[in-house]
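Asks: Just a sequence and a predicted model for now, questions to come.
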Amino acid sequence: MSEYGLIGKKLGHSYSADYFSRKFAEYEMPDTYNLFPIPSISVLPALIESHRELKGLNVTIPYKEDVLKYCDILSEDVENIGAANVLKIIRQYGDDGAVYSIKAYNTDWHGFAESLLTLGAEMGIIDKDSHLMKDALIFGKHFPRALVLGTGGAAKAVVYSLRFMKVAVTLVSRTPEKVKGFTDCPVIGYKEITKEVMDQNLLIVNTTPCGMYPDVDEAPDIPYQYFSSKHVAYDLIYNPEETKFMRLAKEHGATVKNGLDMLYNQAELAWSIWDL
Ligand code: NAP
């Protein structure tokens, strides 16, 4: 029996735990998926030492970037993005006892890109049998410019995806002057989002946790009155299913999408990384 799980600071209800537990049941596997709320990423080595059956971990807020210093091998995507959300724990048993190494992956960027293609197909701008490598640029042609709200680990994966689709990104931060780690990306403050900026950027992606359960009455501070039927408002949050950001954008005609497809897409990829 192998163990898998999720590390993060505060872990409430976990959709990943539901997802993997359901898969284990479906395939009649004895493996388990457990939640590991940890107060600091520095306890990761002790956690891996004490859970000898642990083969893989998902990583969530706020450790996606800090976890890298505990990893031995970084996938190319992680090198480029600077954040990881999936760890594979590779154990070897030799004369000195058990040793392990950690390989870090980022499946968020792929999960996000795939979900944009699904949305593109729903909107009728991309074929239903779309393929990321083939159709990424078609989505980019329809949405050549995007605003990405937030500048954390999730934003890094989203920016990487959008660049792959040849979408020009402008980041939005509460403190633009402090933002680091995004090269060649203009960063503006929320007050700088004018009607002109909204008209130029028809794809708006919320990568902040603003509006996530239990803070469901919150929404990023943007001028919702400038949304139109040409806009797509994409929220990475999936709990609640419709966030205040989505509701306000929809009231002005925008097409909206939550982060559930992205979550499931990235979990499917984690499943294959762990060789399940
Ligand atoms: P994070 O690092 O904690 O926050 C992201 C950024 O949001 C911060 O760097 C900050 O940027 C901004 N921010 C934080 N709190 C805010 C607030 N109260 N109001 C406005 N802006 C705020 O989190 P993350 O790991 O990037 O994840 C962000 C969200 O994406 C979470 O809700 C997470 O659940 C979701 N997510 C979903 C999926 C999925 O599969 N659907 C995958 C990954 C993440 P500034 O300081 O520059 O403003």
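Replies: Perfect, I can see it now.
Asks: so where's the stretch 1-150 of the chain shaky on pLDDT?
Replies: Applying pLDDT under 70 to the stretch 1-150 of the chain flags the ranges 94-97.
Asks: need the helices for it, in chain order.
Replies: Residue ranges of the helices in the stretch 1-150 of the chain, as given by DSSP state H, counting those that start in this stretch, are 15-26, 44-50, 76-81, 108-122, 132-142.
Asks: what does the stretch 101-250 of the chain put close to the ligand?
Replies: 108, 111, 150-155, 173-175, 179, 207-210, 212, 220, 236-238 (Cβ under 6 Å from any ligand atom). In this view, the C-beta of every residue, glycine as well, is placed from N, C-alpha and C.
Asks: Which ones among the residues you listed lie within strands?
Replies: Assigned to strands by DSSP state E, the following of these qualify: Ser173.
Asks: Just the buried subset of the residues of the stretch 101-250 of the chain next to the ligand, written out for ChimeraX, thanks.
Replies: Selecting only the buried entries of those in ChimeraX, with 16 or more other Cβ atoms under 10 Å as the criterion:
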select :108,111,150,151,152,153,154,155,173,207,208,209,210,212,220,236,237,238
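Asks: ok and the residue in the stretch 151-276 of the chain nearest the ligand?
Replies: Among the residues of the stretch 151-276 of the chain, Gly152 lies nearest to the ligand; the distance is 2.2 Å by Cβ to the nearest ligand atom.
Asks: May I have the residues that are in contact with the closest residue to that residue other than its chain neighbours?
Replies: Spatial nearest neighbour of Gly152, excluding adjacent residues (Cβ to Cβ, 6 or more residues apart in numbering): Thr207 at 6.7 Å. Contacts for Thr207 (Cβ atoms under 8 Å, 6 or more residues apart in numbering) come out as 148-150, 152, 154-155, 158, 236.
Asks: swap the cut-off to 6 Å and go again
Replies: 148, 150, 154-155, 158, 236 (Cβ atoms under 6 Å, 6 or more residues apart in numbering).
Asks: residue contacts, Asp31?
Replies: Listed by Cβ under 6 Å, 6+ apart, the contact set of Asp31 reads 1-2, 24.
Asks: one more time with 10 Å
Replies: 1-4, 20-21, 23-24, 53, 55-56, 274, 276 (Cβ atoms under 10 Å, 6 or more residues apart in numbering).
Asks: for Ala254, same thing?
Replies: Ala254 touches 202-204, 224, 227-234, 246, 248, counting by Cβ under 10 Å, 6+ apart.
Asks: any residue of stretch 47-67 up close to the ligand?
Replies: Yes: using Cβ under 6 Å from any ligand atom, stretch 47-67 reaches the ligand at 61-62, 64.
Asks: and the end-to-end length of stretch 223-240?
Replies: 22 Å (Cα to Cα, to the nearest Å).
Asks: Val158 is in contact with Cys185, isn't it?
Replies: No: shown here, Val158 and Cys185 do not form a contact pair, counting by Cβ atoms under 10 Å, at 11.1 Å.
Asks: Between those two, which contacts overlap?
Replies: 148, 169, 171.
Asks: most surrounded residue in those?
Replies: Neighbour counts for the shared contacts of Val158 and Cys185 (other Cβ atoms under 10 Å) peak at Val148, which has 29 neighbours.
Asks: Now do the contacts for the closest residue to Tyr70 other than its chain neighbours.
Replies: Closest residue to Tyr70 apart from its sequence neighbours, by Cβ to Cβ, 6+ apart: Leu44 at 5.0 Å. The contact partners of Leu44, taken as Cβ under 10 Å, 6+ apart, are 7, 36, 38, 57, 59, 63, 66-67, 69-71, 87, 102.
Asks: if you set the cut-off to 7 Å instead, what comes out?
Replies: Residues near Leu44 by Cβ atoms under 7 Å, 6 or more residues apart in numbering: 7, 67, 70.
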